[in-house]
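S.K.: got a structure for you, letters missing:
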DNA sequence: TCGCAAAATGTATGCGCTTACACTCGCTGA
DNA sequence: TCAGCGAGTGTAAGCGCATACATTTTGCGA
């Protein structure tokens, strides 16, 4: 790590000017093969790696795209870890039984978005920088990132409107999966409401006007709202009055789904139970099973998200899978396009959702 | 996006020199409150965001850490996606049944490492840049990253030795979870072998010298090798000759585990079956169940990885969970330490693994 | 052999910021 | 009253690279 070589060092060693060194790296055929060889030899000999900062400054573009996520509260309360003094720790610990991991779900989705973004960024020749939103008054990660990247992708509502507007004055911004708002931004949307409506129709087609139940998410969840909306649309379209539907609200956890299921059963056994996410649907199925209600024979159940546990449950849970990987990829594509055509009209890309029909929603014939 | 304001613009508007602007941003109390106000006003008015490149160049450090992963082959063959022309696509598609997602597992682990790294990077005031290794002859992402970051974390064997050595001359490098090799690098290790040995002892304590089976991974997998090693150590220590163990090799998939299980059963019903990963263990349990062999009454089974399906299986599968989040966090800590003390001796952090004892390995009393 | 266009290389400037150093004040203590 | 001082601010020199433009070299035809 001896002081990092620069173009000057390479130029010296190869007996050329720095311009030639730069050219060898940027447009190799602009320099005579013999010279090129000399330079490349010097490069490897010195272990030269061009400074991204200097490059970025001179080129006026960094080749980096930023992806900004809302924070996972859970992670912030992570226990302190001191790897540096862990030398004396035992190489393993034994755990009997298992604590429940809790709200893993949304994190997994974000991971997929990230993977998609990384993949596409690579294809387009960009590098990816990631940031997670945490409520830090003075040190703002988004601003920080905005100064380092050519374009920014933000998950809906992870950045306050005014801040976002400020950043958009400097670099292109694309908003992921949130409703178009301030709207000079580019957007990538997912048709959640439409898919939920379709799934609801699928269920209604089987249960006719039997008693219907909806297991809603927290009142302040935008996702939850969208899903309710799709459901409500389909129900209304079918000519069923919305107040004929039993609506119970949970908090997206399996436990809350279980409680909701028990609550529902005290009144009536619904012909179909549509949940705003998989965890709650699974919890409700627990409650149904405990009460001796069979799924799907007596009650149809559907979820939303497509978590792994949904395919492993008995019966397997019908659900809706958002194209998270594609979401990430699409965001990068949109951003790349925007960068090459800064003045074109705002782009809105809309991605198809996958409805996974499984046993829990198929009444046996 | 009107041409991005610079320090000069801000200085002009505030009626000060650029040095003062810089000072307001870097060390606010070095400037008189009144002046500071004027500058800050100008900053917000212009939507000024400092250029990371210029800053990095002047400061000779970027404040960015790089995390480099081995590539997921699966992702590379991802179908083309053209989000920009998707306007006409249907908002959803319906899928009956479900394709198996395949080797999700390792990706999930990497996601966790990433989360850990991001969390810790934030705590330490860094931003994170991620890169995925893909075999691209000319365009090398690692080099690219190396030029943009203050330090680099690489997953074991995702970077050829010679390349890594070159990069290490420029910036600090820490290697994650791989055996110490070239070794001037800092390392973060996980005691997989030790944990596997301990788990094996736990099993041996119950089955005595009953017939033992080991379900190995592919011959070329370093992970698989480590796990075998731990197992072999414990077996040898118990005075059991290694050739008394039935060893069957799989490829880490559930299907291969199932085949291996069937193969084993043709010879003998083992008292315990220790698998090199969860997928194969689950596959083997499928085979055992199909053959009417009860777990854990007749045969104890253990896995490795701690995937979600392992806790959902019947019976729940005993397994070993690597501390992936901590791995990421530790890597950042090590790197941060290295950056502030460039000349201290190579750091080796060793993280404890968690052994999750569940029903599949507990002979009922 | 010489002349000239094209190819190859060198020179010099600027990208936007940090920071060492120089400078200007308004005060303090002698 | 004035030297001396420190706080506050300005000036200017890079940081390492890309690149427009100037200069040299090469290749080729005459």
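M.R.: Great, that's in hand. Just so you know, these numbers come straight off a predicted model, no measurement behind them.

S.K.: give me the beta-bridge partners of residue A:355?
M.R.: Beta-bridge pairing for residue A:355 (DSSP bridges): residue A:320, residue B:94.

S.K.: Would you confirm that it contacts residue A:196?
M.R.: No: taking contacts as Cβ atoms under 8 Å, residue A:355 lies outside contact range of residue A:196: 9.0 Å. In short, each C-beta sits where N, CA and C put it, glycine included.

S.K.: which neighbours do these two share?
M.R.: Counting by Cβ atoms under 8 Å, 6 or more residues apart in numbering or on different chains, the contacts common to residue A:355 and residue A:196 are residue A:320.

S.K.: Determine which member of the two has the greater number of neighbouring residues.
M.R.: Regarding residue A:355 and residue A:196, a neighbour count based on other Cβ atoms under 10 Å in any protein chain shown identifies residue A:196 as having more, with 27 against 23.

S.K.: was I right about the more buried one contacting residue A:304?
M.R.: Yes: taking contacts as Cβ under 8 Å, residue A:196 lies within contact range of residue A:304: 7.0 Å.

S.K.: which neighbours do those two share?
M.R.: Residues touching both residue A:196 and residue A:304 (Cβ under 8 Å, 6+ apart) are A:227, A:320.

S.K.: Where does the prediction get shaky in the stretch 101-250 of chain A?
M.R.: Scanning the stretch 101-250 of chain A for pLDDT under 70 picks out A:101-107, A:135-139, A:180-182.

S.K.: Around chain B, pick out the residues from it.
M.R.: Counting by Cβ under 8 Å from any Cβ of the partner chain, the stretch 101-250 of chain A comes close to chain B at A:107-108, A:111, A:114-115, A:118-120, A:122, A:125, A:127-132, A:134, A:139, A:141, A:143-149, A:166-172, A:188, A:191, A:194-195, A:198, A:202.

S.K.: Which ones among those residues lie within helices?
M.R.: Among these, DSSP state H puts A:107-108, A:111, A:114-115, A:118-120, A:122, A:141, A:143-146, A:166-168, A:194-195, A:198, A:202 in helices.

S.K.: Just the closest residue of the stretch 101-250 of chain A to DNA strand C, please.
M.R.: residue A:147 (7.3 Å; Cβ to the nearest atom of the strand).

S.K.: what's the nearest residue to that residue if we skip its chain neighbours?
M.R.: residue B:52 (4.2 Å; Cβ to Cβ, 6 or more residues apart in numbering or on different chains).

S.K.: go on, residue A:208?
M.R.: The shortest distance from residue A:208 to any non-neighbouring residue, by Cβ to Cβ, 6+ apart, is to residue A:271 (7.8 Å).

S.K.: got a pLDDT number for the one you found?
M.R.: Note for residue A:271: predicted pLDDT of 96.

S.K.: close enough to count as contact, it and residue A:205?
M.R.: No: using Cβ under 8 Å, residue A:271 is not in contact with residue A:205, being 11.9 Å away.

S.K.: So these two - more neighbours on which side?
M.R.: Between residue A:271 and residue A:205, counting by other Cβ under 10 Å, residue A:271 is the more crowded of the two (19 against 10).

S.K.: which residues does that one contact?
M.R.: Counting by Cβ under 8 Å, 6+ apart, residue A:271 makes contact with A:207-208, A:210-212, A:298-300.

S.K.: circling back: the residue of the stretch 101-250 of chain A closest to DNA strand C: neighbour count?
M.R.: When neighbours are counted by other Cβ under 10 Å, residue A:147 registers 22.

S.K.: distance of it from residue B:7?
M.R.: Distance, residue A:147 to residue B:7, using Cβ to Cβ, to the nearest Å: 12 Å.

S.K.: and for these two, which residues touch both?
M.R.: Listed as contacting both residue A:147 and residue B:7 by Cβ under 8 Å, 6+ apart are residue B:50.

S.K.: ok so, going back, which of the contacts of residue A:271 fall within strands?
M.R.: Per DSSP state E, strands hold the following members of the contacts of residue A:271: A:212, A:300.

S.K.: Keep only the contacts of residue A:271 that also lie close to DNA strand D.
M.R.: Among the contacts of residue A:271, not one lies near DNA strand D by Cβ under 7 Å from any atom of the strand.

S.K.: Name the nearest residue to residue A:328, sequence neighbours excluded.
M.R.: Closest residue to residue A:328 apart from its sequence neighbours, by Cβ to Cβ, 6+ apart: residue A:116 at 2.7 Å.

S.K.: no, scratch that, I was asking about residue A:30
M.R.: Distances taken as Cβ to Cβ, 6+ apart put residue A:23 closest to residue A:30, at 5.1 Å, once the chain neighbours are dropped.
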